[in-house]
Structures are given as structure tokens and as C-alpha cells.
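Participant: here you go, sequence then predicted model.
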Amino acid sequence: MSRLNIAKLQEQLLGWYARHRRVMPWRAARGKRPDPYHVWLSEIMLQQTTVVTVGPYFAKFITKWPTVEALAGAELDEVLAAWAGLGYYARARNLHKCARAVAADSGGRFPPAPEELMDLPGIGPYTAAAISSIAFNQPAVAVDGNVERVVSRFFAIEEPLPRSKEAIRAHAGKLAGDNPHPGDFTQAFMELGATVCTPRKPKCGLCPWQQDCRAHKQGIAGDLPRKLPKAAKPVRYGKVFWIQKKDGAFLIEKRAGTGLYEGMYQLPTTEWVTDKAKAKKLAAPYRKNIRFEALNLTVRHSFTHFDLVLEIWGAVAQTNVRQCRGIFVSAEDLGAYALPTLMQKAVNACIKAKAA
């Protein structure tokens, strides 16, 4: 390949972006300065989540908490409830911690440098680079999955991910170079991967870099980036319990301890174990008060590192339910509580079964 004209490539990408950039609720209009709060909030929400999914959540947060100071003043339970359904709930807890840190230590202003941003809760190298570049027009290179895909194809990098991450980052830095519009370039880079250089059936005919793309010339664009085979996920098993009063209200508990679903609400559940036979023997809570029966319902959920299968057991709560931890709520009031998607699946399955 002949020596790349980096300035020309930057001009091509920025010109394409000016014509084709999508309108997003967190993206500043042309000629307007980005709001660092909006940039930060959207970047945290977009981690491992799609633009389509994030849109309504972003709008809800901005309406409820229009500034980082307002978010800092919210209770964690409020934030978790508003976040429910987005998944990866550690992000919501760190979001709240970060808002409080910015409000308390920086007067509500995010620092512009990536190194300073990474000192804040929940902000890693990619997010710091994205905020620094987009919100403050700093020359930081943000490499997300979209950028990895574009760079892998442009340079025809055959080494599979994640081993090729270092080389991809170095090449991305070359393409970003010293350009006068780092914020627009960062967004253009991501936009190209999201809308043109897509995972399947890339639209090479619409790409501003088609002429210099090695993978396109070799006819292997659709095969890159290569990835190492994923190991099969382990499966865990357990039980979840639907305890319902005659008026239809059902029991939810606030999850204690730290880790997964910390501080969120759930239906009562056992521990989750890898031995399916052992899971069958896991005891129900409140056995002295309540008689449980298998409902012949199962809820399945996939986490990043394991899959989960829970049997659903049910019982009618008698008048003496004082020993039950948690609270009884109606389906109509459930939205006020931070219930993760897994537990929402279980609730929906029980409500549907009762209505049948």
C-alpha cells in the first residue's frame, strides 16, 4: 500500500460526517458546544448498550436530573429505579458516585483531561478519551467496538481480537493524527463503524475510505475483525419465589451485600449454584409461614460470564407474614422500584400465568 495521506483521510471522514451525522439527543447541534454532562451520561449509558435502547433512558434522566448537581442530589434508589432495564447496574452506582464527586470536588464541572477524568468513578480509558475529545475537543483517541472494526478492516489486521487491541489502538492514533476537529473526528470514526462499516454486510460503496481500505481491496472486509473462539458459558441454577397476597400484591426484597444487583429489588431467591441437582434441593425462605408449590415456570437470563436458569415457586401469603423481609407491592407500583431485567422477567411470567 502506498503511503497514506492522513490529512486527506481526515478530510474525507469529516466531510462524510458533516453530510451523514445522525441526530441524537445527547449530540450537540452543528455549531453548538457539547454539554459535558450530556456527553458523560450518554457514554456511560452506551457501554454495552445500543443507541436505540439508550435514547429513552437518556431523555428520562435529563428530564428528571437536568444537571450533574441535580443527579448528585438524588438518592441512589431513585437512580437505580430510573436505570432499571439498562443492565450492568454497577454503571448506575458509579454514575451516582461520579456525579457526587464532580458536584462536590469540581463545582459541577468535568475536568477536560483524560487523566483527570479517569480519577472519577466509573470512567475508564475509553470513556475518558471520548468525553475529553467530544466535550472538550481534546486530541484523545477513543477506541470503541465500532472503531476497532473500522481500523481492523482499513489495515486488514488478521490477528484476532483481543490480541490485536494494541495494534488497533496504535493505528487509530495514526488516523486521528493532529487534526483541528478532534471532537468531530472521534464521533465520525464511531459513526462510520455504526452505520457503514457494520459487523455484517459492510456498506463499502458508501464508505469515504473505500479507496484506501486494505480489506476492501482484498475482498475480506466482511471477515474482519477476526475473534478468538468464545468459551462456552457456565450455567447456574436456582429458585425464585412468587409470594402473593389475596389482593394481588407480591413480595419484593432489597438485595443486601455487594456485587451483582447490589441495592436493587428482587423477588426472594436462593443462591445460584452450578450443580443442577443441588439446585433442586435449595430451600425456600419463610418455610414456617408459607407453603410453596412449583409453578412449572422457568426464567432464563444471560449474564456476561454465565447463564442462569431459575425455577419459579409460588405461595399465597397468609395473614401472618411479619417474618417476611421486604415489602408487598402491586404490579402498577412496581415502576417505583429498581427491579433488574431478570426479576422483571420472573414477575411478568407469574402475572401472565395467573391471568391465564
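Facilitator: That came through fine. Not measured: the values here are computed from a predicted model. Numbers count the residues shown, from 1 in each chain.
Participant: please make it C-alpha for all contacts and neighbour counts, starting now.
Facilitator: OK.
Participant: care to break the chain down by domain?
Facilitator: 6-223, 235-355 (automatic domain parsing).
Participant: how about JSON lines for those domains, with mean neighbour count added?
Facilitator: Converted to JSON lines, the domains of the chain look like this (neighbours: other CA atoms under 10 Å):
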{"stretch": "domain 6-223", "mean neighbour count": "18"}
{"stretch": "domain 235-355", "mean neighbour count": "16"}
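Participant: just give me the lowest mean pLDDT stretch among those.
Facilitator: In terms of mean pLDDT, the lowest-scoring of the domains of the chain is domain 235-355 (a mean of 88).
Participant: start and end of that one, how far apart?
Facilitator: Using CA to CA, to the nearest Å, the end-to-end distance of domain 235-355 comes to 30 Å.
Participant: now for the particular helix or strand that has residue 78 in it, which elements pack on it?
Facilitator: Assessed by DSSP states H and E, residue 78 sits inside helix 76-83. Applying 3 or more CA pairs under 8 Å, 6 or more residues apart in numbering; DSSP states H and E, one finds that helix 76-83 contacts helix 51-64, helix 90-105.
Participant: surely residue 205 forms part of a helix?
Facilitator: Yes - using DSSP: H, G, I helix; E, B strand; the rest coil, the assignment for residue 205 is a helix.
Participant: what about the strands in the stretch 1-150 of the chain?
Facilitator: Under the criterion DSSP state E, counting those that start in this stretch, strands are not mapped anywhere in the stretch 1-150 of the chain.
Participant: the helices in it, which residues?
Facilitator: Secondary structure of the stretch 1-150 of the chain (DSSP state H, counting those that start in this stretch): helices at 6-20, 36-46, 51-64, 68-72, 76-83, 90-105, 114-117, 125-136, 145-154.
Participant: closest to residue 329 out of the ones you listed?
Facilitator: Across the helices of the stretch 1-150 of the chain, residue 329 has its closest neighbour in helix 76-83 (14.6 Å, CA to CA).
Participant: so what's the gap between the closest one and the chain middle?
Facilitator: 15 Å (CA atoms, centre = their mean, to the nearest Å).
Participant: how about stretch 200-207?
Facilitator: For stretch 200-207, the distance to the chain centre is 26 Å (CA atoms, centre = their mean).
Participant: same question, stretch 139-151
Facilitator: With CA atoms, centre = their mean, you get 17 Å for stretch 139-151.
Participant: how long is that stretch from one end to the other?
Facilitator: Stretch 139-151: ends 18 Å apart by CA to CA.
Participant: try stretch 18-35
Facilitator: Stretch 18-35 end-to-end distance (CA to CA) = 19 Å.
Participant: before we move on, the earlier item: what's next to the helix holding residue 78, contact-wise?
Facilitator: 57, 60-61, 89, 92-93, 96, 263-264, 335-339 (CA atoms under 8 Å, 6 or more residues apart in numbering).
Participant: mind putting those residues in CSV, distance to residue 116 included?
Facilitator: Listed next are those as CSV, based on distance: CA to CA, whole Å:
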residue, distance to residue 116
57, 27
60, 28
61, 25
89, 24
92, 20
93, 20
96, 18
263, 28
264, 30
335, 36
336, 35
337, 34
338, 31
339, 33
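Participant: what sits closest to residue 175 if chain neighbours are left out?
Facilitator: The spatial neighbour of residue 175 that comes closest, neighbours along the chain excluded (CA to CA, 6 or more residues apart in numbering), is residue 6 at 6.1 Å.
Participant: only alpha carbons, please: show the helix holding residue 78 as PDB.
Facilitator: The C-alpha trace of helix 76-83 is given here as PDB (Å, rounded to 0.1, in the frame of the first residue of the first chain):
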ATOM      1  CA  LEU A  76     -29.300   6.100  44.900                       C
ATOM      2  CA  ASP A  77     -32.600   4.200  45.000                       C
ATOM      3  CA  GLU A  78     -34.100   6.800  42.600                       C
ATOM      4  CA  VAL A  79     -31.200   6.400  40.200                       C
ATOM      5  CA  LEU A  80     -31.300   2.600  40.200                       C
ATOM      6  CA  ALA A  81     -35.100   2.700  39.600                       C
ATOM      7  CA  ALA A  82     -34.600   5.100  36.600                       C
ATOM      8  CA  TRP A  83     -31.800   2.800  35.300                       C
END
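Participant: quick one: that helix to helix 90-105, angle?
Facilitator: Orientation of helix 76-83 against helix 90-105 (axes from the mean of the first three to the mean of the last three CA atoms, to 10 degrees) gives an angle of 130 degrees.
Participant: and stretch 207-225, how far out from the chain middle?
Facilitator: On CA atoms, centre = their mean, the centre of stretch 207-225 falls 29 Å from the chain's centre.
Participant: dihedrals phi and psi, residue 89?
Facilitator: Per-residue torsions, residue 89: phi -70, psi -10 (degrees, to the nearest 10).
Participant: sec struct for the nearest residue to it once chain neighbours are set aside, please.
Facilitator: Using CA to CA, 6+ apart and skipping the chain neighbours, the partner closest in space to residue 89 is residue 261 (6.4 Å). For residue 261, the assignment made with three-state DSSP gives coil.
Participant: show me what the helix or strand hosting residue 185 is packed up against.
Facilitator: In this structure, residue 185 sits in helix 182-195 according to DSSP H and E. Judged by 3+ CA pairs under 8 Å, 6+ apart, the packing partners of helix 182-195 are helix 6-20, helix 125-136, helix 145-154, helix 165-176.
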